[in-house]
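1. Next come a sequence and a model predicted from it.
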Amino acid sequence: MLQAGGEAGFIAGAFLDRRWGHCGSGVCPSLGPAVALRRVGHRVTVVEQDDEETVHKRRILSMLIKMGPQEWSGPCRMPPNLSKILYHWGLEHEVHAIAIKAESINLLLYESGELLGTHRWEEEVLRDTRGEFVFTQHAALHNMLYELAILNGATIRLGAKVSCVDPTNRLVMLAGSGETLHADVIVGADGVSGLTRGLLLQPPEPGDEGGAPAWERRNMYSTTVPRQAIMDDPDLAYLYHQEYTTMFNWFGDGHSVLGFPIGDGSEFGLFIYGPGGDVDYGTQWDYQASQEDIDDVLSTAEPSLSKPAASLQKLGKLAERATCTTARAHPELEEWVHQSGHMVVLGEAAHPLPPGSVQATAMTIEDAAVLARLFSHLRAADQIPSFLCAFQDLRQRRCSSVTSKEAGILEYMTMPSGDAQRQRDDTMRLKRDAGLGILEASEEAEESAEWVEIKEVFGYDAEDEADNWWVQWGLLRERANGVEVPYEKLPIQIEKAVFH
């Protein structure tokens, strides 16, 4: 799906009046920047391909999510580095209204159901991150951002689609009507297959294509199961009969499943990874998987070995509407900013992650927060290229590192049988048998490198990084140009969204 962004301008304080064009796709790429820019006083218009009927249905679905398992929406994991931004924006109450807090994780073998180990998310660690790990549904998150953008003054034009982007002349053309929008800055958030990424992507050098990673060409299915259906089955009820709100992760040879309660707990989300076939389902999440597809991908969760493995197959048979995408490794963009200095890409258009990654939505919201924080200091048109380049400098290394980690996690979960897989499993069994969490330190061993990395990723503060850049570099550049600009922290709170 392609969405389009229209003209916008700055209206608050000493900000320079500019026009912004947002080309976006998905839950957060357009709405995240719209909320972030409104938060610092910018006037924003978003043009979206979805028509009013589609958006209305999504809003109704979001309300139904709170009332019970009436309709279907895909699951969404929100790590602490995402939730902390929303909390900074004054949305802690709204997040708690649509999400359930994660408290622990159980790791199991896909083929047998053996419990390899557990880990409890430590309150102290999460406090240090200033966020929470929560599970929700995409429709609920989309609706929250949509309501917030509207309430805080953004204009959202529905039923439009971008047909052409011309960064040099700062033009965005809409399909059908032929309407041309003029923008001082074009923000491309139209996904991995979008127009704006295509303008920046360089063709690979001959012989430089490289080999495909092990996780590429796997299919990933996203679906949900009603809590009541799970509780009605004695083989499945253990998924909710846990001391803490728990995410389950099954590791298998070329397969993996993640399962976790979402929203108010009335639905159980499932991400199912399995080998891809001859059909490429693309990256748009528009293929509706059949029950036969789900049965087939879960067929190697051997039912004769243990109840937990058997329950995986039973769980799959209770799945509601499922969508499927094919995992691909995409080339990194060397440049996120167009040579004209008036177009930048963010979200999946800049840094596509493997499907189902815990950081997929978080990286887009981080992008939005950094972009808005930087452009809160705009006073002249000649600052635009340097601010966009600062955005790339701040985000590119972070996103590249996170993308590599997420790809590594997918490889780790779907590791083929062999020495490495046995070492992985035996290491977790030793900690399990010693009464330790899988990421916990012991007297003989320091905390795992994986846990150190997780804490670093969770603890990252995107807005602090943008503030640091302004103090260390932005102010120096301004003063070198003879402009004396006092540094002040931006306000944290914004007007609360109201949900009916």
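-> Alright, I've got the coordinates. Residues are numbered from 1 along each chain as shown.

2. Would you agree Y221 falls within a strand?
-> Yes: applying DSSP: H, G, I helix; E, B strand; the rest coil, one finds Y221 inside a strand.

3. That one contacts G269, doesn't it?
-> No: contact between Y221 and G269 fails when scored by Cβ atoms under 8 Å: they sit 11.3 Å apart. C-beta here means a position set from N, CA and C on the backbone, and glycine is covered the same way.

4. residue boundaries of the strands in the stretch 351-500 of the chain?
-> For the stretch 351-500 of the chain, no strands are identified by DSSP state E, counting those that start in this stretch.

5. quick one: low-confidence ranges for this structure?
-> Scanning the chain for pLDDT under 70 picks out 1-28, 55-72, 124-125, 205-212, 214-215, 279, 282-284, 302-310, 442-448, 485-500.

6. any idea how far the most centrally placed residue in it is from T325?
-> Closest to where the C-alpha atoms of the chain average out (Cα atoms, centre = their mean) is T361, at 1.4 Å. To T325, T361 is 15 Å away according to Cβ to Cβ, to the nearest Å.

7. hang on, the earlier thing: separation between the residue nearest to the centre of the chain and H255?
-> T361 is 24 Å from H255, by Cβ to Cβ.

8. What of D128?
-> To H255, D128 is 34 Å away according to Cβ to Cβ.

9. And for L270?
-> Separation of L270 from H255 (Cβ to Cβ) stands at 13 Å.

10. higher neighbour count, those two?
-> Just comparing L270 and H255: by other Cβ atoms under 10 Å the higher neighbour count belongs to L270, 27 against 22.

11. Give the partner strands of whichever strand or helix holds the more buried one in its sheet and their orientations.
-> Using DSSP states H and E, L270 maps to strand 267-275. Taking DSSP bridges as the criterion, strand 267-275 pairs within the sheet with strand 218-226 (antiparallel), strand 256-262 (antiparallel).

12. want to throw those strands into a markdown table with distance to Q242 and mean neighbour count?
-> Output for the strands paired with strand 267-275, formatted as a markdown table (distance: least, Cβ to Cβ, whole Å; neighbours: other Cβ atoms under 10 Å):
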| stretch | distance to Q242 | mean neighbour count |
| --- | --- | --- |
| strand 218-226 | 16 | 23 |
| strand 256-262 | 10 | 23 |
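
13. Turn the ones you listed into a markdown table, including distance to A97.
-> Shown next, in a markdown table, are the strands paired with strand 267-275 (distance: least, Cβ to Cβ, whole Å):
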| stretch | distance to A97 |
| --- | --- |
| strand 218-226 | 19 |
| strand 256-262 | 13 |
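
14. Which of those sits closest to R38?
-> Of all these, it is strand 256-262 that lies closest to R38, at 27.6 Å by Cβ to Cβ.

15. Pull the residues that contact that closest one.
-> Applying Cβ atoms under 8 Å, 6 or more residues apart in numbering, the contact partners of strand 256-262 are 75-77, 99-100, 102, 110, 135-137, 224, 227, 239-240, 245-250, 267-273, 298, 301, 312, 315, 356, 410, 413-414.

16. and the next element down the chain from the helix or strand containing T54?
-> Taking DSSP H and E as the definition, T54 sits inside helix 52-67. Scanning forward in sequence from helix 52-67 by DSSP H and E, the next helix or strand is strand 75-78.
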